[in-house]
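Asker: fold the following for me, if possible:
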Amino acid sequence: MHFNHLLKKGIILLIPFCLNSLSKAQDARVLKKTHHCDVSENKLVETDSIIILINNRNGEKYSQISIPYSKMEKISNINGWIEELNGNKIRTLRNADITDASNIDYSTLYQDAFVKTLTLKHNVYPYKVIYTYLTTQKQFLSIANWSPVHNYDLPTDSAVLSVTTPANYRFQQISQGIKSYKTDTITGQIRYQWTASYTTPLLHEKYCIDRDNLSPYVKVSPNKFTYGIPGDFSTWESFGNWYWRLTSGLNDLSPLDKARIEEISRNITDKKEIVRRIYHYMQDQTRYINISLGIGGMKPYPASYVSANKYGDCKALSNYMKSLLEVVGIPSYLTVIEGNLCPGNIFRNFPSQQFNHVILTVPLSKDTLYLENTSNIHPFGCTGTFIQNREALLINDKNSRLIHIPAMTDEQVANNRTFNIHFNKSGNAEVELKFRFRGYNFDQFNSLKSDFNQDFQDRQVREYIPLSNYEVINWDLSKPDRDSAFITLTSKANLYKCLKPIGNEFYFSLLPIGTLGFETPESRTLPVKLPFPVVYSDTLNFVFPEGYKLKNIPENYTLQSKFGKCDLQFLDKKSGLTLVRDFELLPGVIEKKEYESFYAFLNKIAESERKKIVITTE
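Answerer: Numbers count the residues shown, from 1 in each chain. So this is what the prediction gives:
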């Protein structure tokens, strides 16, 4: 997990968002998208074709097609051409129109992942771009994970998925939003065909639910498969047992590791303390590097590899930590999970590979630990927002099963902030800030402090501070120790023109939470999903210029609804005013039919904080 430009100016920091213009749907559209899968017992051949209508220059970017592949997914028979609307072919894809590159991110040492990019453009609009290509796999866990969506900004008029298998081939499937489904028998084979469309683009909205769950889809998986070793998807238990066999025998620790673990656990009787010390050892000895190669995309490198090289990916580091615990006889279990702030729902009745991350579950007599092993700075015993509150598959020989990772509590995500604002008669103020971040904000600022240089930290902190018309004098990020699940930001700033004159009096505004940037009900189209509580406890101390006092103390205000609560308490301190604000949004999904009420709740809070506070000498 890394600080990835998610800091946003304002009171609430949660999930990045962007708003796309509906006009993009007019720039281009997908006329037809087809995907055919030809399945045999040991090979999957996929044929893709797509026809895109480019209406203007803004739509040209949609004529570019990116095809990810690996050494296990061979790409061949790439063809493409441009047509006029009447079908006349203008030009054909050339080798010069195809680029081939490694598809590696900054955290990857070596990854068997590549991407071919195909680009065809024309200068007379409108025109059609057509691409076709083949993908071949000899080992596979999924036959199709299909949707008519090519790009969420673009409508798709027509889309077809077809799967051809031997007559006796067995698979499982799940689908949503399909217009038609049919089967045909062809000389010992069966062809299955699904059709769908995507006519109304689902544009990204703030904290929106995963659009994959709202779009049409078809997911097809084999009942039995060979991926490294034979396995089957008949139950979650059978899938997990396959993964147990795939990952068994990889606990070959170095003698140095074994000796060190025995040393650091000697004379310790508390098992949780032993796990903590071993976790720290693992963090200090290794670093996260993504390594994905062939079957290695699912199979970890052995513990000896991590011992020797001091790095690994999520599955290799989790296997290494598991192996270290085995030295002292503490059982633990690899656990596959979707690592994401807002994970999609697991299809419980569709056992299949639905995960992208591996952690380690350590059951103890009075507690169960869920260890995130990819971070050198993650606090021991802290679940974290990246893996909390979701289902995962625990891998345990003949007893693999779905488990639920506990949700983080209000206390674990609460943010406590203090603003000390000293006004002067010139209308400016000196501000002292002290913010204690937990939960998601902790994850972000902890990574910011550890993983980025001072200049980047400085820019992000200055941008985050929730003031306007201000100048930051200094700031500091600190936490007490490595296992503290909170981090403190302190800062001093100058605030300008914040005390406004009215005759011989002044007034100022509170620092509001407001509506958090949510769209108005008229503009909102998608449900909201809050993956964890949003909790802020604020104390705002306004200190008046000498000789000034409150003209009228504002009334306390409490608002509570099914979506959360906000409590404002005003305390007259004679030489100033203190506002104590407790704000909470509850986690969960807010359906579109509830959105108007949700927005009204936020708007009432915003209205209560728009009041002007008047101070006077009388």
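Asker: for residue 51, helix, strand, or coil?
Answerer: Following DSSP: H, G, I helix; E, B strand; the rest coil, we place residue 51 in the strand state.
Asker: averaged pLDDT, the helix of greatest length in the chain. What do you get?
Answerer: Assignment by DSSP state H gives helix 592-608 as the longest helix of the chain. In this model, helix 592-608 has a mean pLDDT of 94.
Asker: stretch 355-375 now?
Answerer: Throughout stretch 355-375, pLDDT has a mean value of 95.
Asker: list the buried residues in that stretch.
Answerer: Of all the residues in stretch 355-375, those buried under the rule 16 or more other Cβ atoms under 10 Å are 355, 357-362, 369-375. (Each C-beta comes from the backbone N, C-alpha and C, glycine too.)
Asker: can you give me the helices in the stretch 101-250 of the chain?
Answerer: Along the stretch 101-250 of the chain, counting by DSSP state H, counting those that start in this stretch, helices occupy 236-247.
Asker: so, low pLDDT: which residues of it?
Answerer: For the stretch 101-250 of the chain, residues meeting the criterion pLDDT under 70 lie at 102-113.
Asker: do a quick rundown of the strands in it.
Answerer: Remark: strands assigned in the stretch 101-250 of the chain by DSSP state E, counting those that start in this stretch are 108-111, 114-119, 127-137, 144-146, 156-166, 171-176, 180-186, 189-198, 217-222, 224-227, 229-232.
Asker: which other helices and strands contact the second one?
Answerer: Think strand 114-119. strand 64-69, strand 73-83, strand 98-102 (3 or more Cβ pairs under 8 Å, 6 or more residues apart in numbering; DSSP states H and E).
Asker: which of these has the lowest mean pLDDT?
Answerer: Among the helices and strands packed on strand 114-119, strand 98-102 scores lowest, at a mean of 77.
Asker: given it, what are its sheet partners and their directions?
Answerer: strand 114-119 (antiparallel) (DSSP bridges).
Asker: mind checking how far the partner strand is from the chain centre?
Answerer: Chain-centre distance of strand 114-119: 25 Å, with Cα atoms, centre = their mean, to the nearest Å.
Asker: over to stretch 178-198?
Answerer: So, by Cα atoms, centre = their mean, the centroid of stretch 178-198 is 34 Å from its chain's centroid.
Asker: and the end-to-end length of it?
Answerer: With Cα to Cα, to the nearest Å as the measure, stretch 178-198 spans 10 Å from end to end.
Asker: just the buried residues of it, please?
Answerer: Within stretch 178-198, the residues that count as buried by 16+ other Cβ under 10 Å are 192, 194, 195, 196, 197, 198.
Asker: beta partners for the closest residue to residue 573 other than its chain neighbours?
Answerer: Using Cβ to Cβ, 6 or more residues apart in numbering and skipping residues adjacent in sequence, the residue nearest residue 573 is residue 541, 7.7 Å away. Beta-bridge pairing for residue 541 (DSSP bridges): residue 420, residue 578.
Asker: quick revisit: which among the strands of the stretch 101-250 of the chain is found nearest to residue 332?
Answerer: Using Cβ to Cβ as the measure, strand 229-232 is the one of the strands of the stretch 101-250 of the chain that comes nearest residue 332, at 22.2 Å.
Asker: right, and the helices and strands packed on strand 114-119 - which one's nearest residue 557?
Answerer: strand 64-69 (51.6 Å).
Asker: quick one: that closest one to strand 73-83, angle?
Answerer: 170 degrees (axes from the mean of the first three to the mean of the last three Cα atoms, to 10 degrees).
Asker: hmm, who's touching strand 64-69?
Answerer: Outside strand 64-69, the residues that touch it by Cβ atoms under 8 Å, 6 or more residues apart in numbering are 50, 75, 78, 80, 103, 113-119, 131, 133, 135.
Asker: got a winner among those residues for most neighbours?
Answerer: Neighbour tally across these (other Cβ atoms under 10 Å): the maximum, 22 neighbours, falls on residue 80.
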